[in-house]
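> Got a predicted structure plus its sequence, pasted below:
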Amino acid sequence: MFKGMPKIFWAGTALMYGWIFFFMILEMTIPGFPLKKFMGIPACYTYNWIVGLWLMNIIISFLYFKFEEKREERIEARKKRKTQDAPTGANIVHEN
Amino acid sequence: MGVNPIVILGSVLYFAVIFYIGWYSRKASMDSSDFYVAGRKVGPVVNGSALAATYFSPASFLGLPAFIFILGYPFWWALVGIIGGMPIATLLTAAPLRKYAPTSFTDYYADRYDTKWLRLVAGIPTLIGGLAYVILSIVGTALFLLAILQIPFNVSVVLASVVVFAYIYFGGMVATTISTAFQGVAMTVASVLAAGYVIFNFGGLNGLTDAVLANSGNFFNLPYVSETASHPLMATWTGVVGFFFVWHFGFSAMPYTVVRFFTTQDIKAARRSVFWAVTIGGAMYGGLVIIGTGARVLIETLHPLMQTEGITNAMGVLKHMKTAYGVAGASVTDYSMIAAVEGLRSPFLLSVLAAGGLAIAMATASGWTMVLNVLLGRDLLGKVFGSSWPERQPVHATRVMTILIVFVCMLFAFKPPALVLDISGAAFIVILCSVGPPLILGIWWTRATTTAAIANILVMTTLSCGSWMYAKYKLGSYHWFFLSDPAHKISTPHQFYWVFVGFIFFIVVSLMTKPCKDDVIQKYSLDIRPEQ
């Protein structure tokens, strides 16, 4: 199942769920956690509103398409090298 | 409160732009490829903005702030769940489905599971969810028209239906993609601008927070660490986590977003579209969080109707809208977002908000209407029951279906069955638990079988609809676990667990039944995955 799914997918989902459930757990175990000040404002505006809702997801979706494009470029480059080498037999292993 | 000429001007300008785009691109929609999938001509920024505008509906624009208004801070996590579910679509379904490049949502099910009857089976929950969404979109459009024109709700429902119908009748997918991209920008500008006004009104985020706490001391309460929950539905972790998951997987598997992956130029554009949808949609959601958080205190301290005798709180203002304009019962709380902005008493802001609200409602209504009229016309009438009409006259066939769909949904919009976000949540769970597993596991698992797909769709549609209605009528709300002891109800928003049960059920039945032919699996599973 999921054979061929790029590794970056798992890294991104781990980051997303890790961040979200980490802060959910903190909120449900530390009284008043969302309202504790961080950089002068209630912390929930930072970890939930700005980072959890927007910035983190922009970063993950950027990484997803960027890593995939780079991976596809590497595959194309490898294919081109094989095509160029093939007529000379340069990629054939000679036993002697 | 009277009609404001600035508000009307903003809306007229919005309609002028939209109908110009629709009319201009009409000549581009002469063949079925252009009509169905915008000729696969749109780039990632345009498609991403259109994706965001289509995916987000009045359920987002009105419903999410309304739910923050009702449930408090813990509901912020639901918005995080919605945006957080968008990036995963990039690699899970967007790229593979663009590689496969079908025309309609049910094409994949028919091809991957090798039977035309899957179009009919997959069509059942799609039709249920789609009609629900067109209804809530017409309701949303009607509420904004009411705010703009100060007309009775029934009249605005008819007007909203005419507007939505005209919009999609004349352009098909080309008009809806390009003008929908404009709508994506309009809705985001409206939301962010309104949030800016709210924050400025209170002198910053600290001022907003202090005002909210002074008005509703329990607003920021979480389960287990506070004496009183922000709302009974948020008294346990299942409520908080449940609302997070209700809409979370929607971007990957809901028909009206999946079809937008088909319209991109290529796979690269499909992936990049998601990035732009997250950027634009996330900004809009950031605005909705602030509006919803400040809604109650804004209405109670600033709304002009608070001066009316007999009105002492925000719910009193909203009930007044019900009696004064005939707004259907369930939709009254959906007006809270508009009422909050009315409290800021800026005609310019209300004008921009109304344009944004109309944009988001029309974009979703047209997106879903296109999914349904392709399902009913091309897929069911044409490919399942063998009628040649959709093939010979695709534009004519989809237009006839559009008339039917909009008319039927208009009838329901006069008295909506629930809050717009609740209609949306129900539609999401029914679709995600039934057709979600066959789609996602059809791509990523060679062992997915036809029998499992059919069984999952039929069983999960029945269980999700049945449990939702049972909970509503026996326990008073579809957000309580349907088997709960009435004295100790457990919060499970929209019976969200069916999504996870659906995946497990699908896997178990697949393992017990015969897989599809090797060539089918090769073409519709292995070949559409990323190249290794």
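That came through fine.
> quick one: buried residues of whichever strand or helix holds B:A132?
Per DSSP states H and E, B:A132 falls inside helix B:117-149. Buried residues in helix B:117-149, counted by 16 or more other CB atoms under 10 Å in any protein chain shown: B:118-149. (Each C-beta comes from the backbone N, C-alpha and C, glycine too.)
> Over to stretch B:490-505?
Applying a neighbour-count criterion of 16+ other CB under 10 Å, one finds B:490-499, B:501-503, B:505 buried in stretch B:490-505.
> can you tell if that stretch touches chain A?
No. Counting by CB under 8 Å from any CB of the partner chain, chain A is not contacted by stretch B:490-505; separation bottoms out at 10.7 Å.
> after the longest helix along chain B, next one along is what?
As assigned by DSSP state H, the longest helix anywhere in chain B is helix B:267-302. Scanning forward in sequence from helix B:267-302 by DSSP H and E, the next helix or strand is helix B:314-325.
> can you give me the mean pLDDT across that next one?
Mean pLDDT, helix B:314-325: 84.
> Give me the helices and strands touching it, please.
The elements that helix B:314-325 packs onto, with contact taken as 3 or more CB pairs under 8 Å, 6 or more residues apart in numbering or on different chains; DSSP states H and E, are helix B:267-302, helix B:336-343.
> got the angle for the longest one vs helix B:314-325?
Counting by axes from the mean of the first three to the mean of the last three CA atoms, to 10 degrees, helix B:267-302 points 100 degrees away from the direction of helix B:314-325.
> Report the central residue of chain A.
Nearest to the mean C-alpha position of chain A, by CA atoms, centre = their mean, lies A:G12 at 3.5 Å.
> Show the contacting residues for the nearest residue to that one once chain neighbours are set aside.
Computed as CB to CB, 6 or more residues apart in numbering or on different chains, the closest residue to A:G12 that is not its neighbour in sequence is A:I60, at 4.2 Å. Residues near A:I60 by CB atoms under 8 Å, 6 or more residues apart in numbering or on different chains: A:12, A:15-16, B:87.
> cool, and B:S216?
Counting by CB under 8 Å, 6+ apart, B:S216 touches B:72, B:296-297.
> burial measure for the nearest residue to A:I8 once chain neighbours are set aside, as a count.
Spatially, and ignoring its direct neighbours in sequence, A:I8 is nearest to A:F67 (4.2 Å; CB to CB, 6+ apart). Look at A:F67: counted by other CB atoms under 10 Å in any protein chain shown, it has 17 neighbours.
> Wait, A:F67 touches A:P6, no?
Yes. Contact status for A:F67 versus A:P6: in contact at 6.6 Å, counting by CB atoms under 8 Å.
> Please identify which of the helices and strands packed on helix B:314-325 is closest to A:W54.
Ranking those by proximity to A:W54 (CB to CB) places helix B:267-302 first, at 4.0 Å.
> Next, the angle from that closest one to helix B:336-343.
Using the same axes, to 10 degrees: helix B:267-302 against helix B:336-343 is 60 degrees.
> For B:F182, see how far away B:L353 is.
Applying CB to CB, to the nearest Å, the value for B:L353 to B:F182 is 16 Å.
> who has more neighbours, the two?
Under the criterion of other CB under 10 Å, the comparison of B:L353 against B:F182 puts B:L353 first, with 31 against 19.
> which ones are touching the more buried one?
B:190, B:193-194, B:338, B:341 are the contacts of B:L353 under CB under 8 Å, 6+ apart.
> Considering the residues you listed, which is situated nearest to chain A?
Proximity of the contacts of B:L353 to chain A (CB to the nearest CB) peaks at B:A194, which lies at 15.2 Å.
> mind checking pLDDT for the closest one?
You'll see B:A194 listed with a pLDDT of 94.
> and what of B:V174?
45.
> Equivalent analysis for B:D266, please.
As predicted, B:D266 sits at a pLDDT of 83.
> what's the answer for B:L298, then?
What the model reports for B:L298 is a pLDDT of 93.
> The strand or helix carrying B:G85 to helix B:267-302, inter-axis angle?
Using DSSP H and E, B:G85 sits within helix B:76-89. Angle, helix B:76-89 to helix B:267-302, by the same axes, to 10 degrees: 170 degrees.
> Can the helix or strand following helix B:76-89 be said to contact chain A?
As assigned by DSSP H and E, the chain's next helix or strand after helix B:76-89 is helix B:95-100. Yes. Applying CB under 8 Å from any CB, one finds helix B:95-100 in contact with chain A at B:A95.
> contacts for the helix or strand that helix B:95-100 is followed by?
Per DSSP H and E, the first helix or strand lying C-terminal to helix B:95-100 is helix B:105-112. Contacts to helix B:105-112, defined as CB under 8 Å, 6+ apart, come from residues B:97, B:100, B:102, B:116, B:118-119, B:121-123, B:126, B:255, B:258-259, B:371, B:374-375, B:379, B:383, B:435, B:438-439, B:442-443, B:448, B:453, B:516, B:520, B:523-525.
> just stretch B:370-380 next, same as before
Contacts to stretch B:370-380, defined as CB under 8 Å, 6+ apart, come from residues B:36, B:103-107, B:119-120, B:123, B:126-127, B:130-131, B:134, B:168, B:172-173, B:176, B:255-256, B:259, B:389-391, B:394, B:397-402, B:404-405.
> And the strands in chain A, which stretches?
Counting by DSSP state E, chain A has strands at residues A:37-38, A:41-42.
> Each with direction, which strands does the first one pair with?
Looking at strand A:37-38 with DSSP bridges, its partner strands are strand A:41-42 (antiparallel).
> Which strands and helices lie in contact with the helix or strand just after the strand it pairs with?
Moving toward the C-terminus from strand A:41-42, the next helix or strand (DSSP H and E) is helix A:44. Helix A:44 is packed against no helix or strand, with contacts defined by 3+ CB pairs under 8 Å, 6+ apart.
> In contact with B:H494, which residues?
B:242, B:246, B:422, B:425-426, B:428-429, B:468, B:478-479.
> Can you list which of these are found in strands?
Going by DSSP E, the strands hold none of those.
> any idea which of these is closest to B:T462?
B:W468 (10.9 Å).
> Wait, the closest one touches B:F428, no?
No. Applying CB under 8 Å as the test, B:W468 and B:F428 come out as separate, 11.3 Å apart.
> so what's B:A89 up against?
B:251-252, B:257, B:261, B:274.
> swap in B:T209?
Residues near B:T209 by CB under 8 Å, 6+ apart: A:35, A:41-42, B:220.
> with those residues in mind, which one is nearest to A:F21?
B:F220 (19.2 Å).
> so what's the closest one up against?
Contact analysis of B:F220 by CB under 8 Å, 6+ apart lists A:32, A:34-35, A:42, A:44, B:72-73, B:209, B:212-213, B:230.
> Next: B:P437.
By CB under 8 Å, 6+ apart, the contact set of B:P437 is B:456, B:502-503, B:505-507.
> Mean pLDDT per helix and strand in the chain: which one sits at the bottom?
You didn't pick a chain, so chain A it is. Between all helices and strands in chain A, the lowest mean by mean pLDDT, DSSP states H and E belongs to helix A:56-85, at a mean of 91.
> that's the wrong chain, I wanted chain B
helix B:32-37 (a mean of 47).
> and the least confident of the contacts of B:A89?
B:F261 (81).
> now the contacts of B:S216 as TSV including distance to chain A and neighbour count?
As requested, these are exported to TSV (distance: CB to the nearest CB, whole Å; neighbours: other CB atoms under 10 Å in any protein chain shown):
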residue	distance to chain A	neighbour count
B:G72	11	24
B:R296	17	24
B:V297	15	24
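> and which of the residues you listed is nearest B:V198?
B:V198 lies nearest to B:V297 out of the contacts of B:S216, by CB to CB, at 9.7 Å.
> Apart from its neighbours in sequence, what residue is nearest the closest one?
Distance criterion CB to CB, 6+ apart; nearest residue to B:V297, sequence neighbours excluded, is B:N215 at 4.1 Å.
> And the one you found, how close does it get to B:G310?
As judged by CB to CB, B:N215 and B:G310 stand 20 Å apart.
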